[in-house]
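J.: Mind folding the following:
(one chain, ligands or ions: 1)
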Amino acid sequence: MPALWQEKKALFLPLMFSLLSWGCMALNCSAENSERPYNVLFIISDDLTATALSCYGNQVCHTPNIDSLAARGVRFTRAYCQATYCGPSRASFMSGYYPHATGVFGYVSPRPKIGDRATWAQHFKNNGYYSARVSKIYHMGVPGGIEEGADPKKHNNHHGADDAVSWTERFNSPGPEWRALGDGETLEGNPNGKKPVVGGNTFVVVEADGDDLVHSDGKTAAKAVDLIHEHKDEPFWLGVGFVRPHVPFVAPRSYYEPFLPYSSMQLPEKLPGDWDDIPKPGINYKTSLNMKMDLRRQKKAVGGYYASVAFMDAQVGRVLKALRDAKIEDRTIVIFTSDHGYHLGEHDFWAKVSLHDESAAVPLIICVPGKKPAVCHGLIELIDLYPTTAKLCGLPAQERLQGQDISPLLDDPTLEVRDAAFSVAPMRKAFLMREDRWAYIQYNENGSAGAELFDMQEDPLQYKNLIEDPKHAKTAERMRASLAEKLNSLRDNDL
Ligand SMILES: [Ca+2]
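T.: Prediction:
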């Protein structure tokens, strides 16, 4: 029966090919370097600020599982995202190009802009790896896309701004989000308390009934555990995307206990006149004022956020345990990060978009088997992850990529790979150049909507804008020039 043979051949040949190529790769690996790690486990949280993690110094929110990874890997204290909200940040580190190179500033896939060039996961797939994502790696609406996944009528529409060819397989993790059963409150835009619990990009806290598996992140961890066991004998690039602590702040009740009563939560210091030296577009899009959140609601927002972080940390623990159980910890590179940071009331700012450090910096831990644990204060960018992991795994280098191989920092954390980190907030037409000592933020490409300059040694919390200070005019001018040069250089690309 020719048709059946064709079908069998169609299945058989690629299988033979992949067995042969994996066999060759395994031989190469053992011949060249039997110690070479070759799996990549990329764990990314959504809207997570480093300041909420105990390994970054938070005394209230305990994150033992992420801390355990930090204790055996390299923890970066100055890693920056390339855009301060989901869509462009994720499109950037997955494609290997800056947002101003691709023009991807919104919530869309980078694919139309990069043609057939391989994304990060796809480069590994093209080199014989099993490549998969669980839940949100490229942009996916939270909570909308996560809820839609749970709705059988909308079941096919919930891949978000995903890129199908990046993956051998992909899996979504639908969840109830703000509709979860439990005690919920809308904190934002609800001064009289009459608004019900709502969806969308709104500050909502739900102390949920039931266990971890009710929620998207619980299901994501469970699926990742299964995939690790199923694919432990072949090289894999596995992306595990947790959606917490993105709003709504939803977690099982037990995760809230350390943060009750909410009145015990501490808010950042509020300085009178703090906004007086901030240009108008530098006032964040969400503030205590425009969200109409009084002190009680602000403290509950912090507690709700921390509970979501603690819940997400527990899911990270399940995934890390699977690596140990599958006995592949010694040949798997583990990366933990977030797509951008988050404000928790600093300057009365909330959420993302801002280019202050709380929002533009990200937590980043890279754990490579055989390398010593360390803390690295060097400036690096999320866009560096693609070329760095390709190098560590011995994959072909690609000149076109705009990130840098920062793997030397994993051997010597005192090295300096970058003079500055670069990030943008496209919806504010805002740019950040972050050097060791200085943070320079500019609004509009020509600076016509103002700028901020901070001495990060003297003023790490960024209270005193020095842009008008004649003593620092030269520094401001130098950084304005280096920003223009950076934009020029990244626009010079192969796209
Ligand atoms: Ca995000």
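J.: Helices along this protein, start to end?
T.: 2-32, 64-72, 86-95, 99-102, 111-114, 120-126, 144-149, 216-230, 295-325, 357-360, 385-392, 408-411, 473-491 (DSSP state H).
J.: what residues does the last one touch?
T.: Helix 473-491 is touched from outside by 97-98, 100-101, 402, 420, 422, 431, 433, 435, 438, 440, 442, 445, 447, 451, 453, 466-467, with contacts defined as C-beta atoms under 8 Å, 6 or more residues apart in numbering. Quick note: C-beta positions are derived from backbone N, CA and C, even for glycine.
J.: same thing but at 10 Å, please
T.: Here helix 473-491 makes contact (C-beta atoms under 10 Å, 6 or more residues apart in numbering) with 82, 97-102, 383, 402, 419-420, 422, 424, 431-435, 437-442, 445-447, 451-453, 455, 466-470, 472.
J.: and what of the second one?
T.: By C-beta under 10 Å, 6+ apart, the residues outside helix 64-72 that reach it are 43, 45, 48, 53-56, 63, 75-76, 309-310, 312-321, 329, 334-336, 363-369, 371-373, 375.
J.: Go through it and flag the buried ones.
T.: 65-70, 72 (16 or more other C-beta atoms under 10 Å).
J.: Just the buried ones out of the contacts of helix 473-491, please.
T.: For the contacts of helix 473-491, buried by 16+ other C-beta under 10 Å: 82, 97-102, 383, 402, 420, 422, 424, 431-435, 438-442, 447, 451-453, 455, 466-467, 472.
J.: Right, and the ion sits closest to which residue of this protein?
T.: residue 86 (3.6 Å; C-beta to the ion).
J.: For that residue, list the residues it contacts.
T.: Counting by C-beta under 10 Å, 6+ apart, residue 86 has contacts 46-47, 107, 136, 138-142, 160-161, 246, 339-340, 352.
J.: still on that earlier bit, would you list the buried entries among the contacts of helix 64-72?
T.: 43, 45, 48, 53-56, 63, 75-76, 309-310, 312-320, 329, 334-336, 363-369, 371.
J.: where's the closest residue to residue 53 other than its chain neighbours relative to residue 136, distance?
T.: Nearest residue to residue 53, sequence neighbours excluded (C-beta to C-beta, 6 or more residues apart in numbering): residue 63, at 4.8 Å. In this structure, residue 63 and residue 136 are 19 Å apart, going by C-beta to C-beta, to the nearest Å.
J.: For the chain, which residues are neighbours of the ion?
T.: Counting by C-beta under 5 Å from the ion, the residues of the chain close to the ion are 46-47, 86, 339.
J.: switch the cut-off to 6 Å
T.: For the chain, the residues in contact with the ion (C-beta under 6 Å from the ion) are 46-47, 86, 246, 339-340.
J.: Emit the ChimeraX select command for whichever of those residues are buried.
T.: Here is the ChimeraX command that selects the buried residues among these (16+ other C-beta under 10 Å):
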select :46,47,86,246,339,340
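J.: With respect to pLDDT, which of the residues of the chain next to the ion ranks lowest?
T.: When the residues of the chain next to the ion are compared on pLDDT, residue 86 comes out lowest, with 95.
J.: thinking again about what came up before, can I get the buried residues of helix 64-72 in a markdown table with distance to residue 229 and pLDDT?
T.: Converted to a markdown table, those look like this (distance: C-beta to C-beta, whole Å; pLDDT from 0 to 100):
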| residue | distance to residue 229 | pLDDT |
| --- | --- | --- |
| 65 | 19 | 98 |
| 66 | 22 | 98 |
| 67 | 25 | 98 |
| 68 | 20 | 98 |
| 69 | 19 | 98 |
| 70 | 25 | 98 |
| 72 | 21 | 97 |
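J.: And residue 209, how close does it get to residue 52?
T.: For residue 209 relative to residue 52 (C-beta to C-beta), the value is 25 Å.
J.: ok, the two, which is more surrounded?
T.: Taking neighbours as other C-beta atoms under 10 Å, residue 209 and residue 52 compare with residue 52 leading, 27 against 12.
J.: I figured the more buried one was touching residue 363, is that so?
T.: Yes - with contact defined as C-beta atoms under 10 Å, residue 52 reaches residue 363; the gap is 8.5 Å.
J.: got any residues that touch both of those two?
T.: 45, 63, 338, 341.
J.: Bridged to the first one, which residues?
T.: Put plainly, it is residue 45. Applying DSSP bridges to residue 45 gives these bridge partners: residue 338.
J.: In terms of distance to residue 266, which of the contacts of residue 86 ranks first?
T.: Residue 266 lies nearest to residue 47 out of the contacts of residue 86, by C-beta to C-beta, at 20.4 Å.
J.: List the residue ranges of this structure that fall below the pLDDT cut-off.
T.: Applying pLDDT under 70 to the chain flags residues 1-37, 150-157.
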